[in-house]
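>>> A predicted structure for the sequence below; I have some questions about it.
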Amino acid sequence: MGHLDHAAFGWLTPVLSYAMACIGSALGLRCTVRALSATGRARRNWLFTAASAIGTGIWTMHFVAMLGFGVSGTDIRYNVPLTVLSLVVAVAVVGVGIFAVGYGRDRGRALALGGLTTGLGVASMHYLGMAALRLHGRVSYDPLLVTLSVVIAVVAATAALWAGLNIKSPAAVAVASLVMGGAVSSMHYTGMIAVSVRVAPSSAALPGASAMQFIFPLAVGLGSYLFLTSAFVALSPTVDEREASAAAAPPVGNAVR
């Protein structure tokens, strides 16, 4: 059995991955709040942004954490198409859950469906990402811990969507995002504890790309997307702010000539 190291760089990767999960969650929740107060194309666009933020955030969290993952006795490579597919699945399946909440007439049913779908999307992303691993040996999982990780993902996603439906203030959203980030990180490390590797030493070259060749640049790019989008959302006026601005503006007929 190979020894698994989940924090090869100490606390750096766990803390940074948690931060990315929190940023993605906060941005997704803020966009969901904006969507619920909008209509038409604006609602759809806010929901798309929420799905991309949460999906990107959880993907970046997973693979930033994986930068610190190592197995004694073997190198690790990543299958590039499967890794990219895990990102697409994360955004797409989370999007289904977000849109179910954004357009559902029965809030209770929409929340249950959205939480289940989004949670399964988080879990699918995680295990697709793990399927992209290439190493000299065989990877196996503890079924009980895998099931627990999926349950954590569904509960976390449901709680996050509930927060998006019921929490409006930025401070409350910030607290909810910290909780959501912790839940996503817990799901990840529960899934990682479920992993065991039986190493089969070999001098053959492994297919795929190393983490620093592929994962690190992509994670930096997606992290930059989250930061820039967060800045845009923070600076974008809310519906209430636009209405207040319109109410404060002098009538056209009374404008100074």
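Right, received. Where do you want to start?
>>> pLDDT on stretch 135-149, on average?
Averaging pLDDT along stretch 135-149 yields 93.
>>> Contacts for stretch 5-23, please.
For stretch 5-23, contacts defined as Cβ atoms under 8 Å, 6 or more residues apart in numbering pick out 57-58, 60-62, 64-65, 67-72, 177-178, 180-182, 184-185, 188-189, 192, 219, 223, 226-227, 230. (C-beta placed from N, C-alpha, C; glycine too.)
>>> For ChimeraX, what selects the buried ones among the residues you listed?
Remark: buried members of the contacts of stretch 5-23, expressed as a ChimeraX selection using 16 or more other Cβ atoms under 10 Å:
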select :57,58,60,61,62,64,65,67,68,69,70,71,177,180,181,184,185,188,189,192,219,223,226,230
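>>> Mind giving me the packing neighbours of the longest helix along the chain?
Longest helix of the chain, by residue count under DSSP state H: helix 40-66. Judged by 3 or more Cβ pairs under 8 Å, 6 or more residues apart in numbering; DSSP states H and E, helix 40-66 is in contact with helix 12-36, helix 80-103, helix 107-131, helix 170-193, helix 216-235.
>>> buried sites along the shortest one?
What that stands for is helix 216-235. 218-219, 222-223, 225-226, 229-230, 233.
>>> can you redo these as JSON lines with distance to Arg138?
Shown next, in JSON lines, are the buried residues of helix 216-235 (distance: Cβ to Cβ, whole Å):
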{"residue": "Leu218", "distance to Arg138": "27"}
{"residue": "Ala219", "distance to Arg138": "27"}
{"residue": "Leu222", "distance to Arg138": "30"}
{"residue": "Gly223", "distance to Arg138": "32"}
{"residue": "Tyr225", "distance to Arg138": "36"}
{"residue": "Leu226", "distance to Arg138": "35"}
{"residue": "Thr229", "distance to Arg138": "40"}
{"residue": "Ser230", "distance to Arg138": "41"}
{"residue": "Val233", "distance to Arg138": "44"}
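>>> Tell me the one of those residues nearest Ala35?
Within these, the smallest distance to Ala35 is 11.4 Å, found for Val233 (Cβ to Cβ).
>>> Would you mind confirming that that closest one makes contact with Thr32?
No. Contact criterion Cβ atoms under 8 Å: Val233 and Thr32 do not qualify, at 11.1 Å.
>>> Quick check: pLDDT value at the most centrally placed residue in the chain.
For the chain, the residue nearest the mean C-alpha position is Ile58 (2.2 Å; Cα atoms, centre = their mean). Ile58 is assigned a pLDDT of 87 by the prediction.
>>> distance of it from His136?
Distance of Ile58 to His136, given as Cβ to Cβ, to the nearest Å: 29 Å.
>>> before we move on, what about Ser72?
11 Å.
>>> which neighbours do these two share?
Val199.
>>> any chance of the helices and strands packed on helix 40-66 in JSON lines, with distance to Ala53 and mean pLDDT too?
Shown next, in JSON lines, are those (distance: least, Cβ to Cβ, whole Å; pLDDT from 0 to 100):
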{"stretch": "helix 12-36", "distance to Ala53": "4", "mean pLDDT": "87"}
{"stretch": "helix 80-103", "distance to Ala53": "9", "mean pLDDT": "87"}
{"stretch": "helix 107-131", "distance to Ala53": "12", "mean pLDDT": "86"}
{"stretch": "helix 170-193", "distance to Ala53": "11", "mean pLDDT": "85"}
{"stretch": "helix 216-235", "distance to Ala53": "6", "mean pLDDT": "80"}
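>>> All set now, cheers.
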